[in-house]
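Novice: Just the structure for this:
(chains A, B and C)
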Amino acid sequence: MPELPEVEVTKRSLKSHLQGRQIERINVREKRLRWPLNLNQLNHLLNQDILSLSRRGKYILINSERGTALIHLGMSGSIGILKNDRPIKKHDHFDLVTDNKVIIRFTDPRRFGSFIWAGKNPEKHKLLKNLGPEPLNNDQLGLHLHNLSKGRKTSVKAFIMNANIVVGVGNIYASESLFISGIHPKRRANAVSKNRYLKLATAIQNTLEKSINMGGTTLRDFTYSDAGQKVGYFKQELNVYGRGGSQCSKCEQPIKSVLLSGRSSFYCSNCQH
DNA sequence: AAACGACCCTGAAAGC
DNA sequence: TGCTTTCAGGGTCGTT
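Specialist: Below is the predicted model of the structure:
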């Protein structure tokens, strides 16, 4: 579920309930997440003023006086805001309870998500320190991509999905932005011109922003029961992702579906070169 | 340094 | 119908 827009929406939701408040309790039912949940460290969060919530790539940062905790939603994670308690479901792994008794419940069937303590300088934490730049509000993105592409023989799709190059471009956005900019996903990264990287950067930014806006709209009243639903999802806007075999929206040729770097990839061989 | 594949885990959907 | 296989929006790690 969690695309960057949902991570952003989740972060905003957490912000409205956590910023300026304190976490009174952390209830853990399952420690076996992507990284073992370490309560000794995470308890540093307890009874501290939560100064701000931020996002780095797909990591949500909970910034307190004593340091920062990170939440990652993995492939299947979601967060519910509960004003009143509800029965625990199978994959409800932990809760944060605020000083005004709001329950923030983390649910993640596949357990690829995580909740870890990153200390006083989270940007130096090993999971964050090597991340590439944020794509949004970044007028240097195209030049950045072009500069880093030199000597890279991997496919341009794998290149833009590499979080050390640029964060936030998942499998959907990679396919969509390459379609919009007319670039074949299998093209070698070092064989894409500067001009085309400028177009690609714009396509990435427009796609992400549009999706964030839709996610922001459809999940405006973000609650536990809404979080797992595909309500008004960006899916309707997709040109190629998940549409193998159906007609290209530009030329009506069938969309191709191939496996690339272990991930399904969709493109139009007539429109993308 | 860069590229690749294995791996983490559960459940829904497709295939037989 | 029911069992088996495949696939999923993420990322890290070890090996080459």
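
Novice: host element of A:Phe106?
Specialist: Of the helices and strands defined by DSSP states H and E, A:Phe106 is found in strand A:103-107.

Novice: Equivalent analysis for A:Ser177, please.
Specialist: Secondary structure here is read from DSSP H and E; on that basis A:Ser177 sits in helix A:171-181.

Novice: quick one: is that helix near DNA strand C?
Specialist: Yes. Figure legend: helix A:171-181 in contact with DNA strand C (Cβ under 7 Å from any atom of the strand); contacting residues A:171-172. The way it works is simple: take the backbone N, C-alpha and C, and place the C-beta from them, glycine included.

Novice: Next secondary structure after that helix?
Specialist: Counting by DSSP H and E, the next helix or strand C-terminal to helix A:171-181 is helix A:194-218.

Novice: tell me the domain boundaries of chain A?
Specialist: With automatic domain parsing as the criterion, the domains of chain A are listed as A:4-124, A:141-267.

Novice: could you dump those to CSV with mean pLDDT, distance to A:Pro135 and mean neighbour count?
Specialist: CSV is the format used below for those (pLDDT from 0 to 100; distance: least, Cβ to Cβ, whole Å; neighbours: other Cβ atoms under 10 Å):
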stretch, mean pLDDT, distance to A:Pro135, mean neighbour count
domain A:4-124, 95, 9, 18
domain A:141-267, 87, 5, 18
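
Novice: Quick check: residues of the stretch 101-250 of chain A near DNA strand B?
Specialist: Contact residues of the stretch 101-250 of chain A with respect to DNA strand B, defined by Cβ under 7 Å from any atom of the strand, are listed as A:109-112, A:151-155, A:158-159, A:189.

Novice: mind giving me TSV with those and columns for secondary structure?
Specialist: TSV is the format used below for those (DSSP: H, G, I helix; E, B strand; the rest coil):
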residue	secondary structure
A:Pro109	coil
A:Arg110	coil
A:Arg111	coil
A:Phe112	coil
A:Gly151	coil
A:Arg152	coil
A:Lys153	coil
A:Thr154	coil
A:Ser155	strand
A:Ala158	helix
A:Phe159	helix
A:Ala189	helix
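
Novice: what subset of the residues you listed is also close to DNA strand C?
Specialist: Filtering those for neighbours of DNA strand C using Cβ under 7 Å from any atom of the strand leaves A:110, A:112.

Novice: about what we covered before: hmm, the strand holding A:Phe106 in reach of DNA strand C?
Specialist: No. Strand A:103-107 is not in contact with DNA strand C by Cβ under 7 Å from any atom of the strand; minimum separation 14.8 Å.

Novice: Please identify which of the domains of chain A is closest to A:Asn130.
Specialist: In terms of Cβ to Cβ, the element of the domains of chain A nearest to A:Asn130 is domain A:141-267, at 5.2 Å.

Novice: Good, we can wrap up now.
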